[in-house]
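Asks: Sequence and predicted model, in that order:
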Amino acid sequence: MSVTKQAYEDKKLNVYIPQLERLDDRLDMFMEEDQRQFFIVRAHRYGVPIYEYCNGLSTNDYGIKQDSISCVFSITKPVAAVLIMKLQEDGLLDISDPMGRYFECFQGEGKSEMCVWHFMTHTSGIVEEKFEKFKNDYVQKEYGLSRGENISNEEYEEFEKKLNEKMGLNENANYDERNLIFLKKFKPEKGPGQVMSYCNLGYRFLGKLVQKISGMSIEEYGRKVLFDPLGMVDSHFILPHEKWHRVAGRNEKCVDYQYVNSENCFTNDRASGGLKSTVIDMCRFGDMLLGEGTLDGVRILSPASVREMSKNHNYMLSENDPWSSWGLGFNLRSTKKDDAGVLRSACSLEHGGACGHKFLADPEYGVSISIFTGEYDSPVFTADHVEVKNIYYAINNMIIAAMN
């Protein structure tokens, strides 16, 4: 039985157990239909575990368990946002600071008014696709180089070395080092606050900001102010080697399976998508937010900071486009009809992550939900011709529906 014993015994939780038992059946059906390689699902209410589910296979012998580890990709972003807010509470920065104060590439060319909070809400004005096009056009025009499509890793490495040489950089200079130069030359078409455009690049710089201000790596700072105090014992930007065997390994049917199973993934510390964690730790993270910054007597953030993170900072944009509703690091429900479930409350905090991950913290229902799956690369069909489908809305809706 996946409904936790504690949920049965603690009547204060006010959970309708038969509904969660039906979720067991639904997830079993998804597995029978081969909807995903595996499912790891966990839910807490008021900090108490109420639901656990594990099923499926891993390419690692450790198997699929509640403490199996996975890179959560973009769910890293709200975690990075908490680290920024912690720096603000300590008086080391303010989210209204211009980013140009910390990075020269955000000075001039229509970028001087970009503030830290614009990057947290994806409203800096930088549209990632247009920036990438600018870079490709610039490299071809100024350096006579073209990366081409569908090139091998070896060909891409050779392209990078040639580009670094042309740009006067060390031959091993990375993507971020080159972007520092390209951003100085790039002028966005829109000013900050004028458009909401989801931007991984912005969070990469927010991670660099954490390191610049704290004087620590993001792994060290995250460990000091969040992971260790909160008991997120298996959350890492750089996964220790002794935990690699616990990664929920993907097979060749899964999205980006080679990268997800690689050392490069385990050691990627980007704030845009490098966090490795478990459903247990992510539910504790959600419980802390629902506790207005405190869990089990340990205070991570002030209530004021959590309330600020939970506000719709894009309200001017979302009046015409509800999809622009965004807090500091979080996707806000507002009136959206999306893959996170329509039964969640309007004030719920949500974020998805590539390759099969979803996180939800709902203050109205006191519920934290974390979902890890082995998501397949493209729609496939079983012998019964069942197409692989989006499943997050079903899981979240069924859990929320169990709350009395």
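Replies: Now that the structure is in, tell me what you want to look at.

Asks: which residues make contact with the helix or strand where residue 283 lies from outside it?
Replies: In this assignment (DSSP states H and E), residue 283 forms part of helix 279-290. With contacts defined as CB atoms under 8 Å, 6 or more residues apart in numbering, helix 279-290 is touched by 40-44, 46-47, 49, 66-67, 72, 75, 79, 227, 230-235, 294-295, 300-301, 306, 309, 349, 359-363, 366-372. All C-beta spots, glycine's among them, are computed from the backbone N, C-alpha and C.

Asks: Of those residues, which belong to strands?
Replies: Here DSSP state E is the test, and the contacts of helix 279-290 give 40-44, 49, 294-295, 349, 359-362, 367-372 as lying in strands.

Asks: Check the contacts of helix 279-290 for burial and list the buried ones.
Replies: Neighbour-count burial (16 or more other CB atoms under 10 Å) applied to the contacts of helix 279-290 gives 40-44, 46-47, 49, 66, 72, 75, 79, 227, 230, 232, 234-235, 294-295, 300-301, 306, 309, 349, 359-363, 366-372.

Asks: quick one: contacts for the nearest residue to residue 305 once chain neighbours are set aside?
Replies: Once flanking residues are discounted, residue 305 sits nearest to residue 85: 4.6 Å by CB to CB, 6 or more residues apart in numbering. Shown in contact with residue 85 (CB under 8 Å, 6+ apart): 95, 301, 305, 308, 309, 328.

Asks: CA-only coordinates of stretch 38-56 in CSV, if you can.
Replies: Output of stretch 38-56 as CSV, limited to C-alpha atoms (Å, rounded to 0.1, in the frame of the first residue of the first chain):
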residue,chain,number,x,y,z
PHE,A,38,9.5,4.4,-13.8
PHE,A,39,7.4,6.5,-11.4
ILE,A,40,8.6,8.0,-8.1
VAL,A,41,5.8,10.0,-6.5
ARG,A,42,5.6,11.5,-3.0
ALA,A,43,3.2,13.9,-1.3
HIS,A,44,3.2,15.5,2.1
ARG,A,45,0.4,17.4,4.0
TYR,A,46,1.3,19.9,6.7
GLY,A,47,4.8,18.3,6.6
VAL,A,48,3.6,14.8,7.1
PRO,A,49,4.1,12.1,4.4
ILE,A,50,0.7,11.0,3.1
TYR,A,51,1.6,9.2,-0.1
GLU,A,52,4.5,7.3,-1.6
TYR,A,53,4.7,5.4,-4.9
CYS,A,54,7.7,3.6,-6.6
ASN,A,55,7.5,1.4,-9.7
GLY,A,56,9.6,0.7,-12.7
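
Asks: ok now that stretch, how far from the chain's centre?
Replies: Its chain's average C-alpha position is 19 Å from that of stretch 38-56, according to CA atoms, centre = their mean, to the nearest Å.

Asks: Kindly state the domain boundaries assigned to this protein.
Replies: 5-86+214-400, 95-207 (automatic domain parsing).

Asks: how far away is the residue nearest the centre of the chain from residue 271?
Replies: Geometric centre of the chain, nearest residue: residue 75, 1.5 Å, by CA atoms, centre = their mean. Going from residue 75 to residue 271 by CB to CB, to the nearest Å gives 12 Å.

Asks: With residue 116 instead?
Replies: Distance of residue 116 to residue 271, given as CB to CB: 13 Å.

Asks: Please apply the same query to residue 22.
Replies: 38 Å.

Asks: who has more neighbours, those two?
Replies: residue 271 (27 against 14; other CB atoms under 10 Å).

Asks: Please name the nearest non-neighbouring residue to that one.
Replies: residue 207 is the one closest to residue 271 (CB to CB, 6+ apart), at 2.7 Å.
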